[in-house]
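Peer 1: sequence and predicted structure are below.
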Amino acid sequence: MPIVNRIADLQSEIAEWRHDLHAHPELLYDVTRTAGSVAEKLREFGCDEVVTGLGRTGVVGVIHGRKGKSDKVIGMRADMDALPIEEATNLPYKSTVPGKMHACGHDGHTAMLLGAARYLAETRNFAGAAVVIFQPAEEGGGGGKAMVEDGLMDRFKIGEVYGMHNFPGLPVGEFSIRPGAIMAAADYIRIDIEGKGAHAARPHLGIDSVLVGAQIVNNLQSIVSRNVDPLESAVVSICVFHAGNADNVIPQTAQLRGTARSLSPQVRDFLEKRVPEIVEGTAKLYGAKATVRYRRGYPVLQNHAAQTDFAAEVAGAIAGKDKVDIDMAPVMGAEDFSYMLNARPGAFIFVGNGDSAGLHHPAYNFNDEAIPFGTSYWVKLVETALAG
């Protein structure tokens, strides 16, 4: 079961769809053009049902097989949104929208699933139903959660759900997956510090919010190095530090923002408890006050064991078993496909993007050579799972 011949024939057309999406990136839920293009294509392909506006701007297509009767339904998800990044490539199809680009490959994900939808609508060599899910707002907006809460699983009677993401550094033609926790929970940290403003030449008359903030940043690093079991995984990163606006004034206030990542509920709970303890204790040591807003974001993405084995089997049949890593190291990035896997059993797999720039980098570009592998995976996932 190598790459599907028909999919190989469609590669250039699928790539053209991707290039169009790449040139017209849209953010979060504001994916009107992208969703409209997706829905139009699904109707052209002959999908039995096309639903728009699910989870605000999501699109769902339903394709019924003709190979006997079955109530089994498989869902497949692609994300549609781009990132607020200025593109730094010279591609002929580079972003036409200043400050926005497809720096995570969602244009490729959408195009590959569209290619699979076209093939499945043409052949219908399966029983039951294939549901193609095009989701908005993966990049921090929780579009996966919005679609689930809007009735995605129950409305379309989805029994299992699968997702895919490209992986820079993994050779084209290879896949990577693991059962259990494969991507991290992502929580948000905001720290507001209040000291006492003073002239920079008389620091003894003030309480330096910059000094307090710097010590908080340093002390937070002790959580991972000294509080979390070395055999567990955790990340605490402070990525924003705002304070002052003059070079001779000690500012009264400072604000820090960052993220906490974890792969288990126990570590997640501990981080939520420990971050405020360190922040408040450090501020008190210097005579300042600090408040912490700790907000939980995407949960851990947990692959289900049976569906992971099945996904790896399908990928191996396309690429060769030696081209599928079934025990990849977990990734500390986050994915809101986790909400879909919390609602139904399924699995999330990575497909190689080759030697490209990293995700969320201004020079990143999805590799069109990955299209036949990702699209064939979707097709064979359906035809194998719904063989009848």
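Peer 2: Nice, thanks for sending it over.
Peer 1: distance-wise, check the residue nearest the centre of the chain relative to L120.
Peer 2: Per CA atoms, centre = their mean, the C-alpha nearest to the average position across the chain is that of E335, at 3.5 Å. Counting by CB to CB, to the nearest Å, the gap from E335 to L120 is 24 Å. No exception for glycine: its C-beta is placed from N, CA and C like everyone else's.
Peer 1: hang on, the earlier thing: the residue nearest to the centre of the chain against M183, yeah?
Peer 2: Yes - using CB atoms under 8 Å, E335 makes contact with M183 at a distance of 4.8 Å.
Peer 1: which neighbours do those two share?
Peer 2: 301, 348 (CB atoms under 8 Å, 6 or more residues apart in numbering).
Peer 1: hang on, the earlier thing: for the residue nearest to the centre of the chain, what are its contacts?
Peer 2: Going by CB under 8 Å, 6+ apart, E335 touches 138, 163, 165, 183, 298, 301, 348.
Peer 1: can you pull up the bridge partners for E49?
Peer 2: When bridges are called by DSSP bridges, E49 pairs up with V62.
Peer 1: packing partners for the helix ranked longest in the chain?
Peer 2: Secondary structure of the chain per DSSP state H: the longest helix is helix 265-285. With contacts taken as 3 or more CB pairs under 8 Å, 6 or more residues apart in numbering; DSSP states H and E, helix 265-285 sits against strand 185-194, helix 209-222, strand 234-243, strand 253-262, strand 289-296.
Peer 1: about what we covered before: how close does the residue nearest to the centre of the chain get to L42?
Peer 2: Distance from E335 to L42, by CB to CB: 24 Å.
Peer 1: and what of M340?
Peer 2: On the measure of CB to CB, M340 and L42 end up 19 Å apart.
Peer 1: in the host helix or strand of G115, what's buried?
Peer 2: For G115, the element it lies in under DSSP states H and E is helix 106-123. Under the neighbour-count criterion of 16 or more other CB atoms under 10 Å, helix 106-123 has 106-121, 123 buried.
Peer 1: kindly report the same for stretch 66-73.
Peer 2: Neighbour counts using 16+ other CB under 10 Å place 72-73 of stretch 66-73 among the buried residues.
Peer 1: ok, residues contacting that stretch?
Peer 2: Under CB under 8 Å, 6+ apart, the answer for stretch 66-73 is 124-131, 156-159, 385-388.
Peer 1: just to check, A370 is in contact with S356?
Peer 2: No - taking contacts as CB under 8 Å, A370 lies outside contact range of S356: 9.7 Å.
Peer 1: so which of these two has more stuff around it?
Peer 2: Shown here are A370 and S356; by other CB atoms under 10 Å, A370 has more neighbours (24 against 21).
Peer 1: name all residues that make contact with that one.
Peer 2: Taking CB under 8 Å, 6+ apart as the test, what A370 contacts is 108, 112, 166, 172-173, 351-354.
Peer 1: let me have the residues you listed in a markdown table, extended by pLDDT.
Peer 2: Listed next are the contacts of A370 as a markdown table, based on pLDDT from 0 to 100:
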| residue | pLDDT |
| --- | --- |
| G108 | 98 |
| M112 | 98 |
| N166 | 98 |
| V172 | 98 |
| G173 | 97 |
| V351 | 98 |
| G352 | 98 |
| N353 | 98 |
| G354 | 98 |
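Peer 1: C-alpha coordinates for whichever strand or helix holds V148, PDB please?
Peer 2: Applying DSSP H and E as the criterion places V148 in helix 143-149. C-alpha atoms of helix 143-149 as PDB (Å, rounded to 0.1, in the frame of the first residue of the first chain):
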ATOM      1  CA  GLY A 143     -11.100  26.400  17.700                       C
ATOM      2  CA  GLY A 144     -11.000  22.700  18.400                       C
ATOM      3  CA  LYS A 145     -12.800  23.200  21.700                       C
ATOM      4  CA  ALA A 146     -15.300  25.500  20.000                       C
ATOM      5  CA  MET A 147     -16.200  22.900  17.400                       C
ATOM      6  CA  VAL A 148     -16.600  20.100  20.000                       C
ATOM      7  CA  GLU A 149     -18.800  22.400  22.100                       C
END
